[in-house]
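Colleague: The sequence isn't on hand, but the structure is:
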């Protein structure tokens, strides 16, 4: 995951995206409708949905990893290999509101990625 962009002026902070990922259209709009999305936003969901936010001080391009999973990043995720779909079941928030992969915090040098209130939610 990479911190890739600032939120709009109406929001505060930044958000995490899985990139680089080939541009794709929103599935509910069909293969030829709507704008191309260059990345996949990460959000935690239980009864509500919240964006996973990187720690203060992260800048676009900072790499976010889980301890022990810090090898070189893929140049681009191949949609046919279903990489995100393979790791997604192991993405969740813990009781401390920290985004985790296999129970290990998703973090960059500035700290861990968090959500505001979704404890024990899956990340999609």
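Modeller: Structure's in. What do you need? Small disclaimer: the values here were computed from a predicted structure and weren't measured.
Colleague: C-alpha from now on. contacts and neighbour counts both.
Modeller: OK.
Colleague: now the helices for the protein?
Modeller: For the chain, applying DSSP state H gives helices covering 83-87.
Colleague: low-scoring pLDDT stretches of it, where are they?
Modeller: 1-41, 45-46 (pLDDT under 70).
Colleague: can you give me the strands in it?
Modeller: 2-6, 14-18, 24-25, 36-37, 40-41, 43-45, 49-51, 65-66, 91-93, 99-101, 104-108, 111-112, 122-123 (DSSP state E).
Colleague: now what about stretch 113-124, what contacts it?
Modeller: 42-46, 48-55, 88-89, 91-99, 105-107 (Cα atoms under 8 Å, 6 or more residues apart in numbering).
Colleague: what do you get if the cut-off is 6 Å, keeping everything else the same?
Modeller: For stretch 113-124, contacts defined as Cα atoms under 6 Å, 6 or more residues apart in numbering pick out 42-46, 52-55, 91-95, 97-99, 106-107.
Colleague: Next, the buried residues of stretch 62-78.
Modeller: Within stretch 62-78, the residues scored as buried using 16 or more other Cα atoms under 10 Å are 62-66, 77.
Colleague: What is the end-to-end distance of that stretch?
Modeller: 22 Å (Cα to Cα, to the nearest Å).
Colleague: Quick check: of the buried residues of stretch 62-78, which lies closest to residue 83?
Modeller: Using Cα to Cα, residue 77 comes nearest to residue 83 of these, at 6.7 Å.
Colleague: how close does that closest one sit to residue 108?
Modeller: 20 Å.
Colleague: Residue 74 now?
Modeller: 17 Å.
Colleague: likewise residue 56?
Modeller: Look at residue 56 and residue 108: by Cα to Cα, they are 10 Å apart.
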